[in-house]
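> could you work out the structure for the sequence below:
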Amino acid sequence: MRFVRNPADAYTGLALVCFALFAWWAAGDLRTGTALQMGPGYFPKLLCALQGILGLAILTNGLAPATAAPLEPVAARPLVLILASIAFFGLAIERLGLAVAVFGLVVISSLAYRKIGIAPLILLAAGLAVFSLFLFIKVLGLTMMPWPWSR
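Down below sits the predicted model:
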């Protein structure tokens with residue numbers, strides 16, 4: 001008899017608890033304060049506690065005597081492409097500007113979904129790049145490089 005009813009829930013809950021404990025440890029030097037006089041560590045530690053409680057609830061739900069279904073294999077392609085798009089954005093935002101970084105982010109991350117066509121992909125990426133330029137530079141007034149040639 002297995003004691004894991006749902007392995008996905010058990011692993012997810014365990015990961016949430018581990019991340020919460022790590023974040024609590026990382027915020028350990030910050031002064032917590034009280035609810036009336038909050039210190040810089042009050043909100044991060046509150047979020048860590050809530051995440052830990054949620055993780056324990058999910059872990060408990062995953063652990064129960066029952067028959068366990070095997071875990072499905074992880075799809076590596078979408079995982080790699082999403083992470084690559086985030087890395088591209090982080091590296092390109094200062095070197096190539098906001099428009100190119102957003103365009104590349106959308107194109108690379110959209111390649112994780114195999115059923116998207118080239119024309120909708122280019123329109124989506126261009127639209128989000130223009131919207132990002134309008135929102136962050138015009139509306140919010142942030143000082144960032146919009147284009148590669150605007151250095």
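
> was I right to think residue 105 contacts residue 89?
Yes. In this structure residue 105 lies within contact range of residue 89 using C-beta atoms under 8 Å: 4.3 Å. (C-beta placed from N, C-alpha, C; glycine too.)

> among those two, which residue is more densely surrounded?
A direct count of neighbours by other C-beta atoms under 10 Å for residue 105 and residue 89 places residue 105 higher, at 24 against 20.

> that one in helix, strand or coil?
Look at residue 105: counting by DSSP: H, G, I helix; E, B strand; the rest coil, its state is helix.

> any idea how many residues pack against the nearest residue to residue 136 once chain neighbours are set aside?
The shortest distance from residue 136 to any non-neighbouring residue, by C-beta to C-beta, 6 or more residues apart in numbering, is to residue 142 (4.9 Å). Residues lying near residue 142 (other C-beta under 10 Å) number 11.

> so residue 52 sits right up against residue 21, yeah?
Yes. In this structure, residue 52 is within contact of residue 21 by C-beta under 8 Å, at 6.9 Å.

> between these two, which is the more surrounded one?
residue 52 (18 against 14).

> can I take it that the more buried one is in a helix?
Yes. Judged by three-state DSSP, residue 52 forms part of a helix.

> ok, it to residue 35 distance?
19 Å (C-beta to C-beta, to the nearest Å).

> how far away from the center of its chain is stretch 32-43?
Centroid separation between stretch 32-43 and its chain, computed with C-alpha atoms, centre = their mean, to the nearest Å, is 26 Å.

> what's the first-to-last distance across it?
End-to-end distance for stretch 32-43: 8 Å, by C-alpha to C-alpha, to the nearest Å.

> can you pull the buried residues of that stretch?
41-42 (16 or more other C-beta atoms under 10 Å).

> what sits up against it?
If you take C-beta atoms under 8 Å, 6 or more residues apart in numbering as the criterion, stretch 32-43 is touched by 27-31, 45.

> just the ones in helices from those, please.
residue 45 (DSSP state H).

> can you put the contacts of stretch 32-43 in a markdown table and add neighbour count, pLDDT and distance to residue 7?
Listed next are the contacts of stretch 32-43 as a markdown table, based on neighbours: other C-beta atoms under 10 Å; pLDDT from 0 to 100; distance: C-beta to C-beta, whole Å:
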| residue | neighbour count | pLDDT | distance to residue 7 |
| --- | --- | --- | --- |
| 27 | 17 | 89 | 30 |
| 28 | 10 | 86 | 32 |
| 29 | 8 | 89 | 36 |
| 30 | 14 | 87 | 35 |
| 31 | 10 | 86 | 40 |
| 45 | 17 | 91 | 30 |
